[in-house]
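> What follows is a predicted protein model with its sequence.
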Amino acid sequence: MSTAVIADSHLGGYLHLEGAEHNLRHFLEQLEELPEKGVDRLILLGDIFQVWVAQPKFETPEVRAVLPALRRLREAGMRIDYVIGNRDHFLLESPYVTVFSSVGYDTEVEIDGRRYLLTHGHRMKEGGPGFGERLLAGPIVRFILWFISTFLPFTANWATGRADWLLQVFKKRGDIPFHWIQEFAQRKIQQGYDGVIVGHFHKGLECRNLESLGTLREPSEIGPEDQPADWSSAKEPKKLPLEGIQALVLEAWFLSRKVRILR
């Protein structure tokens with residue numbers, strides 16, 4: 001049996017609005033096929049939805065479609081761990097935690113005696129959550145959500161969409177911060193891990209020698225125009241051999257449409 005990982009699917013997101021329904025259908029099909037691929041553990045490495053305000057009144061169509069599929073997998077015996085991303089809000093205190101085997105900011109996996117720490121990637125720097133994350137979890141945003149859900153529940157989906165728009169306005173996604181990844185991986189290796197696996201940056205990166213991490217070039221992102229029309233080539237999960245890897249950045253699902261199988 002094996003472990004599957006999905007990172008940054010951003011279902012319902014602005015990056016692929018024209019194909020949103022197709023993306024959701026493809027995602028659900030992949031989930032359904034995991035058991036026959038020999039997968040007994042699924043790690044969702046954050047930002048599965050474009051914006052997840054984890055309150056029932058703010059459910060999007062994608063949340064309503066995906067969570068029942070995950071419940072069915074768990075009922076069939078699969079372990080499902082959710083690692084919180086920067087677009088997952090209030091999940092730890094929500095009723096949705098019962099959908100998963102565990103919910104947190106990191107998890108770990110052991111493959112052939114090697115231990116890897118998995119985290120979304122937005123909390124790699126020491127010192128805890130950044131200003132933006134603290135602001136979104138603070139009393140002002142909580143009051144706004146309470147007010148909308150209590151007095152304007154019919155505007156909840158509209159508000160979620162506007163929140164997504166605001167995230168794009170203030171979003172600053174530049175180059176992969178090699179030095180952050182290097183420092184984070186070094187800390188975790190000193191703590192006894194063999195390597196780290198993160199998402200968040202959307203581009204893929206594999207490093208077997210942390211000393212050379214800063215000299216690596218980033219792979220180019222795959223644009224929607226480069227993706228196959230029928231996604232048939234993305235149907236099969238992609239196997240990722242981890243032996244010797246010290247730092248692995250997973251390419252976003254919304255770019256590759258592939259589930260990663262760790263081995």
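Done, it's in.
> Work out for me the element Ala65 sits within.
Under the criterion of DSSP states H and E, Ala65 resides in helix 61-75.
> Hmm, Met1 and Gly38 touching each other?
Yes - judged on C-beta atoms under 8 Å, Gly38 makes contact with Met1 at a distance of 5.6 Å. C-betas here are computed from N, CA, C, even on glycine.
> Show the backbone phi and psi for the closest residue in space to Lys238 that isn't next to it in sequence.
In space, and not counting its chain neighbours, Lys238 is closest to Lys258: 4.5 Å by C-beta to C-beta, 6 or more residues apart in numbering. Dihedral pair for Lys258: phi -120, psi 140, per degrees, to the nearest 10.
> how many other residues sit next to Lys258?
Lys258 has 19 neighbouring residues, counting by other C-beta atoms under 10 Å.
> quick one: pLDDT of it?
Lys258 is assigned 91 on the pLDDT scale.
> Can you tell me the closest non-neighbouring residue to Asp8?
Ala252 (3.6 Å).
> can you tell me which residues contact the closest residue to Pro237 other than its chain neighbours?
Leaving aside its chain neighbours, Pro237 sits nearest to Val259 (4.2 Å; criterion: C-beta to C-beta, 6+ apart). Each residue near Val259 by C-beta atoms under 8 Å, 6 or more residues apart in numbering is listed here: Ala4, Val5, Ile6, Gln30, Leu34, Pro237, Lys238, Trp253.
> For those residues, give me JSON lines that also has neighbour count, distance to Leu42 and pLDDT.
Converted to JSON lines, the contacts of Val259 look like this (neighbours: other C-beta atoms under 10 Å; distance: C-beta to C-beta, whole Å; pLDDT from 0 to 100):
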{"residue": "Ala4", "neighbour count": "23", "distance to Leu42": "5", "pLDDT": "96"}
{"residue": "Val5", "neighbour count": "24", "distance to Leu42": "8", "pLDDT": "97"}
{"residue": "Ile6", "neighbour count": "24", "distance to Leu42": "7", "pLDDT": "97"}
{"residue": "Gln30", "neighbour count": "23", "distance to Leu42": "10", "pLDDT": "96"}
{"residue": "Leu34", "neighbour count": "22", "distance to Leu42": "6", "pLDDT": "96"}
{"residue": "Pro237", "neighbour count": "20", "distance to Leu42": "11", "pLDDT": "71"}
{"residue": "Lys238", "neighbour count": "12", "distance to Leu42": "15", "pLDDT": "70"}
{"residue": "Trp253", "neighbour count": "28", "distance to Leu42": "13", "pLDDT": "94"}
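> Out of those residues, the closest to Met124 would be?
Val5 (17.2 Å; C-beta to C-beta).
> secondary structure class for the closest one?
Taken by DSSP: H, G, I helix; E, B strand; the rest coil, the conformation at Val5 corresponds to strand.
> Now for Tyr105: which residues touch it?
By C-beta under 8 Å, 6+ apart, the contact list for Tyr105 reads Val83, Ile84, Thr119, His120, Arg123.
> is it true that Arg260 touches Ile6?
Yes - when contacts are counted by C-beta under 8 Å, Arg260 is listed as touching Ile6 (7.3 Å).
> and stretch 196-204, average pLDDT?
In this model, stretch 196-204 has a mean pLDDT of 93.
> Likewise for stretch 241-248?
86.
> Report how far apart the opening and closing residues of that stretch are.
This stretch, stretch 241-248, spans 11 Å end to end (C-alpha to C-alpha, to the nearest Å).
> where do the helices sit along this structure?
Taking DSSP state H as the criterion, the chain carries its helices at 20-33, 61-75, 131-136, 139-151, 156-170, 178-190, 253-256.
> which stretches of this protein aren't confidently modelled?
14-19, 126-138, 140-175, 213-236 (pLDDT under 70).
> rerun at 80
1, 13-20, 125-176, 211-241 (pLDDT under 80).
> on that earlier part again, quick check, the residue nearest to Lys238 in contact with Leu250.
No - counting by C-beta under 8 Å, Leu250 is not a contact partner of Lys258; they are 9.7 Å apart.
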